[in-house]
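Peer 1: Structural data only, the sequence is not supplied:
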């Protein structure tokens, strides 16, 4: 990503340190999906527990809740001073997870691991803005985005490999080692960078953390503990709205809040676009994965490799967009990217179930659209943000991005779950009357898988068509962004 030739020693050390931070991002991103598929099989050596469904949400909730804090601490104390905490907490959580004696212990230790992961992700994208000027951030931001993408998309296959080859604990050893390697690289080579050293508003910090934590909890519980349209769901939504109002009320009275107040119309549009594109785009990736596994073949390795095509689709437009966005402004990139994503979603509705070739083609176009949007939005936001407040703005944008991804998963998941459960009752096998038990079980499983495949495919393709309409509307919103918003930036 970054050319290390023709650099001064200081510039080279800083670039290598960014590769170290990218390794930390890779490990933190893998925490999302490491145990995503086959949890009950993965931790079969632990005592059986009804709380098994909490293993993944425990990490996600604490990670998202801590991202704004990690970024804000960079503003206050500098990148290097904050860097040590996130990776070490993540490594501690990973090591404790390895020695878990039951599911409940694993959930608690995953929560600790997520705290470290959130601090890392909050710090990483902020560090780019702190160490590089506006017109030099493109490649480094692309590095961080690519690290997060690779970690998220291939974690399921990596976790499956370690579990099937060794034990589920082996995956956590690998996470700890990757995080440690990244920490050593970054810590040894990053130059000192002072912060504002203002006192942290602990009340505001607690409220913002609670807000993002509850929002993340909702996205993880809506398809597990209750339905999307239910009294329980409505209660949690009311709590989130109340917390949001309380956070804004307190932030306006705080000298240095975690959520920036008085932001420009341009920044408001960027935040809204990041949330909705994450929901309509990145939030669908998990269900692309599930459709492939269910509709074609249950091969996690092939499904993961299939997503290389999406990354390839995103690579070229993203690299070009990151390099040119400061010259052209954000409008052409996000507008065209939104149109391409819309086209890919329509293609998915009509073509994705035809064959693996068309599935891959949809992914390629999908990636090409996203490659023109996500990183360009981050660069554009940082271009108008003073360096002293870089963490405050960047951390919240990244947390909003993560919430958008989870909301996309939750909404699509809730809809598909309703379709899959729509009156279908699995037939009961009468073993006493069966002449060939294995044959009857085989037919039973085949019937269930066929129903699941059809229902999942139908629910998914209808949903992506709806999201295509939303994305088309976002293209119109993106077109209203003005180039002069970038020209009036303030990096001092």
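Peer 2: Looks like it arrived, so ask away. Owing to the predicted nature of the structure, the values given are computational and were not obtained by experimental measurement.

Peer 1: give me every residue that touches the residue most central in space within the chain.
Peer 2: When C-alpha atoms, centre = their mean is applied to the chain, the residue found nearest the centroid is residue 402 (4.8 Å). Neighbour list for residue 402: 63, 64, 67, 121, 216, 278 [criterion: C-beta atoms under 8 Å, 6 or more residues apart in numbering]. (Each C-beta comes from the backbone N, C-alpha and C, glycine too.)

Peer 1: ok, so what distance separates it from residue 274?
Peer 2: Residue 402 sits 10 Å away from residue 274, going by C-beta to C-beta, to the nearest Å.

Peer 1: what about the nearest residue to residue 75 once chain neighbours are set aside, neighbour count?
Peer 2: Once flanking residues are discounted, residue 75 sits nearest to residue 391: 3.9 Å by C-beta to C-beta, 6 or more residues apart in numbering. By other C-beta atoms under 10 Å, the residues close to residue 391 number 32.

Peer 1: buried stuff in the helix or strand the residue nearest to the centre of the chain falls within?
Peer 2: Using DSSP states H and E, residue 402 sits in helix 390-420. By neighbour count with 16 or more other C-beta atoms under 10 Å, helix 390-420 contains the buried residues 390-417, 419.

Peer 1: Repeat that for stretch 53-72.
Peer 2: Buried residues in stretch 53-72 (16+ other C-beta under 10 Å): 53-72.

Peer 1: now it, how far from the chain's geometric center?
Peer 2: Its chain's average C-alpha position is 11 Å from that of stretch 53-72, according to C-alpha atoms, centre = their mean, to the nearest Å.

Peer 1: Now find how far off-centre stretch 394-408 is within its chain.
Peer 2: For stretch 394-408, the distance to the chain centre is 7 Å (C-alpha atoms, centre = their mean).

Peer 1: Could I get the contacting residues of the closest residue to residue 178 other than its chain neighbours?
Peer 2: Spatial nearest neighbour of residue 178, chain neighbours left out: residue 27 (4.3 Å); criterion: C-beta to C-beta, 6+ apart. By C-beta under 8 Å, 6+ apart, the contact set of residue 27 is 90, 117, 120, 151, 175, 178, 179, 182.

Peer 1: Break this protein down into its domains, please.
Peer 2: Using automatic domain parsing, the domain parsing of the chain gives 7-198, 201-255, 264-420+445-492.

Peer 1: where does residue 101 fall, phi/psi-wise?
Peer 2: The phi and psi torsions at residue 101 (degrees, to the nearest 10) take the values phi -100, psi -20.

Peer 1: What score does it have for pLDDT?
Peer 2: What the model reports for residue 101 is a pLDDT of 91.

Peer 1: what's the answer for residue 69, then?
Peer 2: Per-residue pLDDT puts residue 69 at 92.

Peer 1: next one: the one 3 residues further on
Peer 2: The per-residue pLDDT reported for residue 72 equals 90.

Peer 1: That one: which element?
Peer 2: Going by DSSP H and E, residue 72 is part of helix 55-77.

Peer 1: buried stuff in the following helix or strand past that helix?
Peer 2: Once the chain leaves helix 55-77, the next helix or strand it forms, by DSSP H and E, is helix 79-83. Neighbour-count burial for helix 79-83 flags 79, 80, 82, 83 (criterion: 16+ other C-beta under 10 Å).

Peer 1: residues touching the last one, list them.
Peer 2: When you say that, I think you mean residue 83. 21, 123, 183, 186, 187, 190.

Peer 1: same deal with the second one?
Peer 2: If you count contacts by C-beta under 8 Å, 6+ apart, residue 80 has them with 187, 190, 191, 192, 193.

Peer 1: okay but the first one is in contact with residue 84, surely?
Peer 2: Pointing back at residue 187 there. Yes: in this structure, residue 187 is within contact of residue 84 by C-beta atoms under 8 Å, at 6.7 Å.

Peer 1: Helices of the stretch 151-300 of the chain, start to end?
Peer 2: Along the stretch 151-300 of the chain, counting by DSSP state H, counting those that start in this stretch, helices occupy 168-189, 202-221, 231-252, 265-280, 285-295, 300-328.

Peer 1: ok, back up a step: and the helix holding residue 402 with helix 55-77, angle?
Peer 2: Angle of helix 390-420 versus helix 55-77, following axes from the mean of the first three to the mean of the last three C-alpha atoms, to 10 degrees, is 170 degrees.
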